[in-house]
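>>> Structural data only, the sequence is not supplied:
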């Protein structure tokens, strides 16, 4: 079911002024390579190699060899300038037809989900019959930039024509300019890392260390159980000898998690609660999702796991500290629910990206907080509670790891399969992103 | 794995030395290539029975240069000896001596094929002895041939005559380069099922959908490629951990990769479901997945024994049970199981493996009985020493000996096994069931 503005939902179907329901965009399936911690098994794998591998695994799973897919959209957050056409290059290196168009998307950690939303909309509009959405990231093979001073000198040098001009350009060089800029994931406007930002939010919402460790434990256990029952057999294709997410700790425990020292928020007045165990590590990996119209799926005898119903993006003003960096999905969700006449009770599964355990827990706390919902979200009261037994039932980023742009496609494919297994119901996806952004989306079983 | 000796012995100056010194002199085998002639030269058809002319006519229909007599010194591609009505050992001398007189005229990669009847089909001692004598003579002749030439036989069950479709199909297989590493073997045709084999086809499996387990590497990957070459749609199956290679194979053959452990309780359902939803049919099941966990029995532990039995035998038993009960498996579907010559002759350090592979052969014979008359077939292919990653791990000296201990004096290729699998899965082989076809170059052990 696709959504329409609420005021039109009550219009009689016979009324010809109602715009035709756009057709459905269907999740057919997905593929990803197992995720590995930064500097680990994929330390020397490039974004292009990983995205190509994810595409080729998808091609193999669904027999798409030599097929022209309507469009492939993917992206990477940490991206070399040489990878300006990353997705197209990956397509050219894959088993897909060379005449498959592709484009890059970048919306930080929401990249993967945004590619799903964008291609789904094109499918709904009839512009595409099929699409592959996804993302990739390598924190290992990250770009190292030259300093701003050296960059200017080098550019001036390239423009200089005479020897004198070249010498003049070089004269501007200072020894400090020769130091490269190390790769960083800090927010450009605050200089704070994402973890330090989240530590402020965690303290503000009084999220306990125990609650964070419990959520992390559940993520590992759920994902390990899902692997053991073969849930990922048709979602993951091994890469470079890795066949399960390298970050997954099936045997972790509250004791082990509790023994870890806090790594974020140590300078805050509140107790530091965020550890390496309840925060996602820097991760390498790639994930893709095959989308299509119902006609496309039927004509090619492909499964239809779930429909992409609707999505909403939001952003918050985090720069001056008014709101937490990763709180945007909290704002996006009420708008999405209202547009679709739904409440939290309408969902059977919740996929809330675990950037940090406390990100999930602050989101849940915020939606339960009457005062916050009234003053910040403009709601009449609390949005409601998320049934924890429906949350991240097959594990999420704390267990799998989080290659920034790949996470959205991982979640969409897993949730679509979860819905297909149940055979009914809806799932909600919430992904926070750098820059104070976030995207939420609804999938529905078929 | 390259066979360095094979290269060395076929190049000067070592080739001359090897000949003088009486060293093994294997040659590169004549293997099938698309568009290649069926045989390297004229085919001499010998025989006294009425079926002889029928066979000659069939071969003429394939545009072969067929002879009933040969001029002196003329080179020969193959000899087909029709012995379907032999009833007395005294009848053999004339024909076999005639074969002997032309053996030296056989071209490299030449073929000798007998068509006779199994001794077990007769209650008459004289008839049975004559029929069995054919097998003894042929197996010995196979060991006398050189330069990649082979000798094999077709056995016709009581109700089958030389016109039966599977006789033609088997004859074609044995004459062609597809049987390069099949030597000294007999294939029994049990029924006259199947469409007439008047024409050779480049795509005998067109329109068929095939599952190949253990398809990520080695023999399984080659089976997937050959079945695809012959026209089948491929569902490549392997354990999830082998998925990276499996995807490469699936993409190479334009098929689909299905990551499933064949020992999983729901493996058959997942395979059938995948075939039904993606292809709407399943015609060919190739049970290739197999593992070795070698140990002397004195050192064997339960894990090694059980894992080998689970993968190599139990999975086939369980999947076949569900497959044969399912409507999703075609009424004329074929199952081909990978056995091993270890299961026939035994192999030191392989009690578990040999048990599993002998078990497969028992299963094949039993299942064939219950399938009789159903239109479905089940057969096994028993590879001997095949050049794979697995045999490359055998210590050098042992490997060198194992390679030379066959009539062809070399290891086979995964392709040779795959060709046999594709033949048994083809509609032409619908009259063949319950057979174990050895692809071993007439290995000297376990004959």
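Arrived safely. Quantities reported herein were computed from a predicted structural model and do not represent experimental measurements.
>>> Give me the phi and psi for the residue nearest to residue B:251 when sequence neighbours are not counted.
Sequence neighbours aside, residue A:95 is the residue nearest to residue B:251 in space, at 4.2 Å (criterion: CB to CB, 6 or more residues apart in numbering or on different chains). All C-beta atoms are positioned from the backbone trio N, CA, C, and that covers glycine. Here the main-chain torsion angles of residue A:95 (degrees, to the nearest 10) amount to phi -80, psi 0.
>>> Just the pLDDT at residue A:95, thanks.
What the model reports for residue A:95 is a pLDDT of 97.
>>> give the contact list for it.
Residue A:95 is in contact with A:55, A:56, A:59, A:60, A:64, A:65, A:66, B:251, counting by CB atoms under 8 Å, 6 or more residues apart in numbering or on different chains.
>>> Would you map the helices across the stretch 51-200 of chain A?
Ranges of helices in the stretch 51-200 of chain A, per DSSP state H, counting those that start in this stretch, are A:86-92, A:111-124, A:148-159, A:163-171, A:194-204.
>>> residues of the fourth one that come out buried?
For helix A:163-171, the neighbour count (16 or more other CB atoms under 10 Å in any protein chain shown) marks residue A:169 as buried.
>>> Show me what that helix is packed against.
In terms of contacts (3 or more CB pairs under 8 Å, 6 or more residues apart in numbering or on different chains; DSSP states H and E), helix A:163-171 is packed against helix A:148-159.
>>> Just give me how far the helix it packs on sits from the chain centre.
36 Å (CA atoms, centre = their mean, to the nearest Å).
>>> Return the set of buried residues in that helix.
A:149, A:150, A:153, A:156, A:157.
>>> Residue B:157: what's it in contact with?
B:117, B:118, B:121, B:188, B:189, B:190, B:191.
>>> Domain-wise, how is the chain divided?
This is for chain A. Following automatic domain parsing, one finds the domains of chain A at A:148-178, A:194-230+A:308-445.
>>> wrong chain, I was asking about chain B
Split by automatic domain parsing, chain B gives B:31-189, B:209-439.
>>> Deepest-packed of those domains, please.
domain B:209-439 (a mean of 21; mean count of other CB atoms under 10 Å in any protein chain shown).
>>> Between the two ends of that one, how far is it?
24 Å (CA to CA, to the nearest Å).
>>> Turn the helices of the stretch 51-200 of chain A into JSON lines, including mean pLDDT.
Below are the helices of the stretch 51-200 of chain A laid out as JSON lines (pLDDT from 0 to 100):
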{"stretch": "helix A:86-92", "mean pLDDT": "97"}
{"stretch": "helix A:111-124", "mean pLDDT": "97"}
{"stretch": "helix A:148-159", "mean pLDDT": "82"}
{"stretch": "helix A:163-171", "mean pLDDT": "84"}
{"stretch": "helix A:194-204", "mean pLDDT": "91"}
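>>> and residue B:206, which of those helices is closest to it?
helix A:86-92 (30.6 Å; CB to CB).
>>> so what secondary structure elements neighbour that closest one?
Using 3+ CB pairs under 8 Å, 6+ apart: helix A:86-92 touches helix A:47-62, strand A:71-74, strand A:102-104.
>>> hang on, the earlier thing: from the contacts of residue B:157, which has minimum pLDDT?
residue B:121 (81).
>>> Now for that one: which residues touch it?
So residue B:121 contacts B:131, B:157, B:158 (CB under 8 Å, 6+ apart).
>>> Whichever helix or strand residue A:220 is part of: how far from the chain's middle?
Following DSSP states H and E, one finds residue A:220 within helix A:209-228. When C-alpha coordinates are averaged (CA atoms, centre = their mean), helix A:209-228 and its chain have centres 19 Å apart.
>>> quick check, that helix touching chain B?
No. With CB under 8 Å from any CB of the partner chain as the criterion, chain B is not reached by helix A:209-228; the gap is at least 8.9 Å.
>>> Need the domains of chain B in a markdown table (columns: distance to residue A:104).
Listed next are the domains of chain B as a markdown table, based on distance: least, CB to CB, whole Å:
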| stretch | distance to residue A:104 |
| --- | --- |
| domain B:31-189 | 42 |
| domain B:209-439 | 24 |
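>>> quick one, which of these is nearest to residue A:374?
Going by CB to CB, the one of the domains of chain B nearest residue A:374 is domain B:209-439, 48.9 Å.
>>> That closest one - what's its average pLDDT?
94.
>>> which stretch among the helices and strands packed on helix A:86-92 comes nearest chain B?
helix A:47-62 (3.7 Å; CB to the nearest CB).
>>> all strands for the stretch 301-447 of chain B, in order.
Using DSSP state E, counting those that start in this stretch, the strands of the stretch 301-447 of chain B run over B:329-338, B:377-383, B:436-439.
>>> related to what we said a few turns ago, which residues are in contact with the helix or strand just after the helix holding residue A:220?
Later in the chain than helix A:209-228, the nearest helix or strand by DSSP H and E is helix A:254-258. For helix A:254-258, the surrounding residues in contact (CB under 8 Å, 6+ apart) are A:209, A:210, A:213, A:214, A:216, A:217, A:249, A:275, A:277, A:278.
>>> so which of the domains of chain A is the most packed in?
Taking mean count of other CB under 10 Å, domain A:194-230+A:308-445 is the most buried of the domains of chain A, at a mean of 22.
>>> Quote the end-to-end distance of it.
Start-to-end, domain A:194-230+A:308-445 (CA to CA) is 34 Å.
>>> Stretch B:341-360 now?
12 Å.
>>> Could you do stretch A:349-358 as well?
End to end - CA to CA - stretch A:349-358 spans 19 Å.
>>> How far off centre is it?
11 Å.
>>> For whichever residue of the stretch 1-150 of chain B sits closest to chain A, which non-adjacent residue is closest in space?
Nearest residue of the stretch 1-150 of chain B to chain A (CB to the nearest CB) works out as residue B:34 at 20.0 Å. Leaving aside its chain neighbours, residue B:34 sits nearest to residue B:202 (6.5 Å; criterion: CB to CB, 6+ apart).
>>> thinking residue B:268 is in contact with residue B:316, fair?
No. Judged on CB atoms under 8 Å, residue B:268 makes no contact with residue B:316 at a distance of 10.4 Å.
>>> Confirm that residue B:84 lies within a strand, as I assumed.
No. In this structure, residue B:84 is coil, not part of a strand, as judged by DSSP: H, G, I helix; E, B strand; the rest coil.
>>> Identify the residue nearest it in space, chain neighbours excluded?
residue B:51 (4.8 Å).
>>> Up against chain A, what does chain B have?
B:236, B:240-244, B:246-248, B:250-251, B:254-261, B:264, B:277-280.
>>> Swap in 10 Å and give it another go.
B:216, B:233-236, B:239-261, B:264, B:266-267, B:270, B:273-274, B:276-280 (CB under 10 Å from any CB of the partner chain).
>>> Give me the pLDDT value at residue A:3.
43.
>>> for the one 3 residues further on, same thing?
At residue A:6 the predicted local confidence, pLDDT, stands at 41.
>>> now residue A:103
97.
>>> Please name the bridge partners of the closest residue to it other than its chain neighbours.
The shortest distance from residue A:103 to any non-neighbouring residue, by CB to CB, 6+ apart, is to residue A:73 (5.6 Å). Beta-bridge partners for residue A:73, by DSSP bridges, are residue A:103, residue A:133.
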